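Asker: please work out how this folds:
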Amino acid sequence: MLRPRMMSRVLIAGPAAYLEKAVEALHGTGTLHITDYTEQYAEFRLGAPLPGAAELSEKLLRLRAATKVLGIEEGGSPGPSGGKPEPRKGIDALLEELGRTVSVREAERQELEARLSEARRTIEAVRPFTALPLRFESYAPLESVAAFAGTVRTPIAAEVARITPRHELFTAPDGSFFALFVDRRHRAAVEKLLAQHSFAEAKPPLSEGAPSEVLSRNQALVAETQGKLGALSEELRAARARYMRDILDCQLELGLEVEKAEAPLRFAATRSSFLVEGWIPSDELDRTENSLLRTAGASVYLERIEEREWVADAEAAKGQSPHAGVAAGGEHGGGAEHPDPYEKVPVALSNPRPVKPFEMLTEMFSTPGYREIDPTVTMALVFPFFFGLMIGDLAYGLLLATAGALFMTRLRRFEGFRELGWYILLAGIVAAIFGAFVFGDAFGIPFHSPHGAHGAEAISWSGILGFEIPIKASVHKLEASGLGNLLMFSILAAVVHLSLGNILGIVNEWRHNRRHAAAKAGWLLTVLGFGFLILKFGESTSLGAWLWDNALWPFAPSLDPGIGILVPYASIVFLIVGVALVVAGEGAIALTEVMGVFSNILSYTRLGAIGVAKGAMAFAFNILIIPMVTGGNIGFAVFGCVLLVLAHMLVFMLGSLSSGIQALRLNLVEYFMKFFKGGGIKFIPFGKEKYDREKSSGA
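Answerer: All right, here's what the predicted structure looks like:
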């Protein structure tokens, strides 16, 4: 759970005659991560695709074209989930039918759209000319006459007359458009004049007749074409409903067949044999070998390369061992002086089903290395907790959980929404629990009136509902004592969270470099030193007093330096030893980062600050708007209800967005940076579609 699945490096070899059977078996198991072969040995070349690969690819392209035409979401699967898709129509029959219907209709649609665009362009070009009493034949070029049509910013009639009396000027009633005909000998002078008046030329369309007639014809053509396009769109929508399942199922089946047909391009091959190297999860090794035996018999040979062998090969960076030589595929050719023998091992995360959606958040940062601790489980525990703590309201929590459920059901077809819905659902449950049993409020209204409150500030759910709610709030967010306890809890969360990160860092570094592990231990002590010091500042709060009297009592003895601050002796010891270990492990340059730990801890105060800010916004809206609702005026009451709903929608959206972002930041930045390097290669098995379906169904 905290480690990726153990991988075994394998070499699979066999006669060329059994290549297709071997590919079928490997694809069916969906367990082999293929290491691509690169041609670096004279006796081996890249394999050739299986017969029929080009034809399959061509069919897949045609099917994808139909998918695009019909607006079908690629990758969807309305057919039965799991197993091999079972289209109701054969692929060839479906392609033939799509060619007769969809392809023809698409060609008609493109032709109609081109005609519609041309008609609209003509209308735009003709419209200005309808204001003039001229037919389009009048604008035809003549040897002795130059014609101009367009707009100018200022009148030109007088200036044209000064250039030549031999002209005809037609102007629209509003003066915005004109047509001018002059003796061609004066063309240059007129062009210069028009330029001075910001002339914008309008070219007459290549049409004949009166502009109003041309305009009417094209407007009728637009209406007719739009009608035909509407009918055609209805036909395509009907075709979409009729063919969607078959297209998606056939597309999936063809995609799998193309993947199999093109797989040998990643193999090493001779005229009579093939070789493929890759990685298989160790617990799937027997199943894969049995599948090969059932399909190809003993003719195809699978050998597991022992870890000590490929580790030795990688460390030597030679790639010349008898097992790894063929398919190393350049894995050892990077030129690194000290290559990590595990850096090329693909990583398949192994987490319980409720935790799996959080793998998306981990991989958003980076894929863990093969020998690195997978932080997904801790992310699954901490992220919803931080998110829900910052919301901390029963009603908002229930709304958040409802939104998460909708994301997981109604929007699950969109990539990532199912996972996002799970995060939101869990955060909503946590927020509702905090709101009900810790903060005792819903929509910013407390279950019980705060002590000393009066007027609008005394509004409570017990008063609204008419009975006493039997749950007492432990923390009042808007009281000074509550704020102090929230900040203390935030600091405590920081110490625990960052300490866990450094402990995981020690575990990660222990097998890699003991000196680096010692440095991580130093950072752990530094976190504890600064953390205890800050927690000592809050000893006056009720939470602080409880902590130092109970959980932290062994570290309570403190030094009084006479400046009004008590410094725990434990903090002094932890900081001295921690900084010494950090310097020993990372050098003196690490001293520049020591104070960064202090700021890392303080950054967790956003847990309390955002919760208080959201609560204050909701409280402010309530005391401003609720009196309007309860004032007795029906109009004001209706308006106040609408305003109150909008106000709480705003608080809910802003609070959810900021809480989610900050919870994510505390995990990906403050926490991950303490131990997580990432950079691993994601396990992508041959037959990924099958693998993904089994994975999503919990297999």
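
Asker: for the rest of this, base every contact and every neighbour count on C-alpha atoms.
Answerer: Will do.

Asker: check the gap between the residue most central in space within the chain and Arg665 for me.
Answerer: Nearest to the mean C-alpha position of the chain, by C-alpha atoms, centre = their mean, lies Gly416 at 6.6 Å. Using C-alpha to C-alpha, to the nearest Å, Gly416 is found at 19 Å from Arg665.

Asker: now swap in Asp393 and tell me
Answerer: 22 Å.

Asker: the more surrounded of these two?
Answerer: Between Asp393 and Arg665, counted using other C-alpha atoms under 10 Å, Asp393 has the larger neighbour count: 32 against 14.

Asker: hmm, that one is touching Ala432, no?
Answerer: Yes - here Asp393 lies in contact with Ala432, judged by C-alpha atoms under 8 Å, at a distance of 5.7 Å.

Asker: quick check: longest helix in this structure by residues?
Answerer: Secondary structure of the chain per DSSP state H: the longest helix is helix 211-262.

Asker: next one: that one to chain centre, how far?
Answerer: 30 Å (C-alpha atoms, centre = their mean, to the nearest Å).

Asker: quick one: strands adjacent to the first helix or strand past that helix going along the chain?
Answerer: Using DSSP states H and E, the next helix or strand after helix 211-262 towards the C-terminus is strand 268-269. Sheet pairing for strand 268-269, assigned by DSSP bridges, gives strand 45-46 (antiparallel), strand 273-281 (antiparallel).

Asker: ok, Val527 touching Val495?
Answerer: Yes - with contact defined as C-alpha under 8 Å, Val527 counts as touching Val495 (6.5 Å).

Asker: which residues are common contacts for these two?
Answerer: Listed as contacting both Val527 and Val495 by C-alpha atoms under 8 Å, 6 or more residues apart in numbering are Ile601.

Asker: tell me the contacts of Gly444?
Answerer: Counting by C-alpha under 8 Å, 6+ apart, Gly444 has contacts Asp393, Gly615, Ala616, Ala618, Phe619, Asn622.

Asker: from those residues, which land in helices?
Answerer: Reading helices off these with DSSP H, I get Gly615, Ala616, Ala618, Phe619, Asn622.

Asker: can you tell me how far the nearest residue to the first one once chain neighbours are set aside is from Ile424?
Answerer: Looking back up the chat, that one is Gly615. Counting by C-alpha to C-alpha, 6 or more residues apart in numbering, Gly615 lies nearest to Gly444, which is 5.7 Å off, once chain neighbours are set aside. Using C-alpha to C-alpha, one gets 20 Å for the distance from Gly444 to Ile424.

Asker: go on, Ile572?
Answerer: 41 Å.

Asker: give me the more crowded residue out of the two.
Answerer: More crowded of Ile572 and Ile424, by other C-alpha under 10 Å: Ile424, with 26 against 18.

Asker: mind listing the helices for the stretch 401-550 of the chain?
Answerer: 417-434, 461-465, 480-510, 514-537, 542-549 (DSSP state H, counting those that start in this stretch).

Asker: can you redo these as a markdown table with mean pLDDT?
Answerer: What follows is the helices of the stretch 401-550 of the chain, written out as a markdown table (pLDDT from 0 to 100):
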| stretch | mean pLDDT |
| --- | --- |
| helix 417-434 | 97 |
| helix 461-465 | 90 |
| helix 480-510 | 95 |
| helix 514-537 | 96 |
| helix 542-549 | 94 |
